[in-house]
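Peer 1: Quick check, what structure comes out for this input:
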Amino acid sequence: MLTFQELTALSRRMRDDRVLSVYLDGTSLDPASKTPWRVPLDNALKDIRRWLEGSTHNERMGFERCVRLLEGELAEFRGAIGSPGWAGFITVAGVLDSERLPVPTPTIAIWSTGICVAPYIRALKQTRPVVVVVADARKARIFRYATGVLAPAETVHAHAVTEPPVHMGDAPRLGFHSGTRGTTGHDAAQHALQAGTKRMIDGVARRSAELAGHDGWILTGGIPEVSAHMAAAMEKVAPHRVLRMEELDIHATEAQVTAAAQRGASQLRDETDMRHVSEIAGAADDERLIARGPSATRQALEQATVRELYLTSRFLQDHLADAEDAVRAAIAQGATVEEVSRAVADRLDEFGGMGARLRYPVPTVEAAEPASSL
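Peer 2: Predicted coordinates for the structure are as follows:
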């Protein structure tokens, strides 16, 4: 699956070429159809053919070649596509990319200059890595989850450095009593274990931040006290990207870790999106640094001031062409793009389904002074 950086690079590279962009919905549960996406896809291709009736012979032939290449990609699907969604980008020169997606997409076909990227944005959430740490006082298992795959665990141990009590192996010195004016062997072992656990926590926090990168999520579980210390240490290196999963047991299986990664990432993503969308909705410290609604957002995109663009699935469904223009403009100016969902989408839909956080205020043009008559 493409990352945001790869999608951006592909979009920029193909911005002047004719591209057939196809998305398929793989979630249909219709038992009477082995290929439920076939009919809406055929209808979409017929609509493009009607639209191209007045176009040049070369463009119509170019489109038909892309359709043949598309059919070659779809030939492997004897029935369902085997995933929630699918995307393909095709030119007369060949298939740029075709792949199953871990999220549902509408079944659509778009013939345009440049690839149609807006429906792909939802899938990009799955490329953000999720690091899951399950630990007790003696060891930590570190997992990395991304694009639906859980990587095998790394294990970090707490190495306790201890020294035997001075009398161990020899007769006690005169006046020595265990626990009096000194440290018992048990206490020394406990202190060494605590020191080893702290070193492990610090090391795991650094390693987790490394695996998560600049935008990944980090989850902690296991023994509650250790998990809490882990979360506190990680919050220092990855603020607002850490969540303690109290239900994640020290003996969690890989299937349980995968489920926790999905739940935790969804919660953290929604919390982050809600914090930013709340600013757009009216809680910003500086109103000049937000754009609220499609009209204000388009103006900010035209002025190349957008830092983060937010869209809802309803806006994408009802205004795909406008959404595509907005996403392309955001990519061109190096902004990030997020499709929000659930309660966050409900909040943004109150303002038309689109908004943005800005790098700097949109420049305003002052009305010119009327010329004085002499």
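Peer 1: which sections of the stretch 251-374 of the chain are below the confidence cut-off?
Peer 2: Within the stretch 251-374 of the chain, the segments meeting pLDDT under 70 span 364-374.
Peer 1: my guess is Arg15 meets Gly114, correct?
Peer 2: Yes. Assessed by CB atoms under 8 Å, Arg15 is found in contact with Gly114 at 4.5 Å. Where you see a C-beta, it was placed from the backbone N, CA and C, and this is true even at glycine.
Peer 1: Now for those two: what residues contact both?
Peer 2: Arg328 (CB atoms under 8 Å, 6 or more residues apart in numbering).
Peer 1: So for those two, which residue has more residues nearby?
Peer 2: Neighbours per residue, other CB atoms under 10 Å: of Arg15 and Gly114, the larger number sits with Gly114, 20 against 14.
Peer 1: Please report phi then psi for the residue nearest to the spatial centre of the chain.
Peer 2: For the chain, the residue sitting closest to the mean C-alpha position, by CA atoms, centre = their mean, is Lys125 at 2.7 Å. Dihedral pair for Lys125: phi -60, psi -30, per degrees, to the nearest 10.
Peer 1: show me where the stretch 251-374 of the chain has helices.
Peer 2: With helices called from DSSP state H, counting those that start in this stretch, the stretch 251-374 of the chain shows them at 254-278, 294-302, 313-318, 320-332, 342-349.
Peer 1: outside of the longest one, which residues touch it?
Peer 2: Right, helix 254-278. 125, 128, 130, 132, 134, 143, 145, 150, 153, 217, 219, 221, 240-241, 243, 245, 247-249, 252, 308, 310, 338, 340-344, 347-348, 355, 357.
Peer 1: Hmm, Leu101 and the residue nearest to the centre of the chain touching each other?
Peer 2: No. Counting by CB under 8 Å, Lys125 stays clear of Leu101, with 10.9 Å between them.
Peer 1: can you give me the end-to-end distance of stretch 327-337?
Peer 2: Stretch 327-337 has an end-to-end distance of 7 Å (CA to CA, to the nearest Å).
Peer 1: Show me which residues of it are buried.
Peer 2: For stretch 327-337, a neighbour-count test (16 or more other CB atoms under 10 Å) marks 327-331, 335-337 as buried.
Peer 1: How far does it sit from its chain's centre?
Peer 2: Put simply, stretch 327-337 sits 16 Å off its chain's centre (CA atoms, centre = their mean, to the nearest Å).
Peer 1: what's the span of stretch 301-313, first residue to last?
Peer 2: With CA to CA applied, stretch 301-313 spans 20 Å between its terminal residues.
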